[in-house]
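Chemist: Next input, structure requested:
(one chain, ligands or ions: 1)
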Amino acid sequence: MKTNIRIKKKCEYCKEEFVAKTTKTRYCCHRCNQKGYKQNMKQNKIATTEKATKLDIINVDELNKKDFLTAKEAAYILNMSLRTVYRLIQSKELNAYNFSERKTLVRRKDIDMYFDLSLNDINIDKSHLKELINLENSYTMDEVQKKYNISSSALFNLIKRLEIQKKQVGKHVLVRKEDIDKIFAP
Ligand SMILES: [Zn+2]
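Modeler: Residues are numbered from 1 along each chain as shown. As a prediction, this is how the structure comes out:
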């Protein structure tokens with residue numbers, strides 16, 4: 001139903017006063033309407049992002065108490081993107097447990113280990129690489145896993161990543177105690 005109501009309003013885009021035909025009119029003209037609409041969309045987007053960021057603020061103390069963390073929490077602790085965390089999990093550099101397709105959990109312990117190893121990465125002395133590995137100065141993979149409580153896949157990736165010299169003797173793969181001890185107990 002048409003009415004004769006005339007309301008003085010301020011255009012939300014150009015801020016000029018205009019006479020509106022309905023109380024709902026927000027802009028003085030079609031052009032301002034379009035511009036204003038676009039601007040609103042942009043602001044809404046920013047507001048949504050800010051809201052999401054706020055929700056992301058996680059209490060680190062709480063996380064430190066937990067034995068298992070979600071991938072998102074792990075990303076927060078490691079100061080990485082969620083995508084990077086998933087990549088590390090996929091490449092088995094970071095140990096993780098898939099409880100379901102949507103639920104990937106990372107042990108707090110594995111995060112600490114990943115973090116420590118990344119730091120130690122820089123200081124590894126590789127001058128011994130050409131030295132011989134023998135049964136007396138080496139661990140088997142099983143021994144390393146037991147001694148340092150690391151999964152075989154994590155150990156495998158670690159050896160690969162740090163270019164640690166290894167040697168197959170019979171059914172065992174040996175790594176020098178010195179190389180391994182240096183990483184875990186520098
Ligand atoms: Zn206007």
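Chemist: Packing partners of the helix or strand that contains A74?
Modeler: With secondary structure defined by DSSP states H and E, A74 is part of helix 71-78. Secondary-structure packing of helix 71-78 (3 or more Cβ pairs under 8 Å, 6 or more residues apart in numbering; DSSP states H and E): helix 60-65, helix 82-90, strand 104-107, helix 108-120. Quick note: C-beta positions are derived from backbone N, CA and C, even for glycine.
Chemist: Name the residues of the one helix or strand L174 maps to that are buried.
Modeler: Taking DSSP H and E as the criterion, L174 maps to strand 172-176. Across strand 172-176, burial judged by 16 or more other Cβ atoms under 10 Å covers V173, L174, V175, R176.
Chemist: pLDDT for these - can I get that in TSV?
Modeler: Below are the buried residues of strand 172-176 laid out as TSV (pLDDT from 0 to 100):
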residue	pLDDT
V173	85
L174	88
V175	89
R176	88
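Chemist: Now do the helix holding A74, average pLDDT.
Modeler: The predicted model gives helix 71-78 an average pLDDT of 84.
Chemist: on that earlier part again, redo the helices and strands packed on helix 71-78 as CSV? Include distance to the ion.
Modeler: Below are those laid out as CSV (distance: least, Cβ to the ion, whole Å):
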stretch, distance to the ion
helix 60-65, 48
helix 82-90, 42
strand 104-107, 51
helix 108-120, 54
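Chemist: Can you give me the distance of the spatially most central residue of the chain to Q165?
Modeler: The centroid of the chain falls nearest to A75 when counting by Cα atoms, centre = their mean (2.7 Å). As judged by Cβ to Cβ, to the nearest Å, A75 and Q165 stand 33 Å apart.
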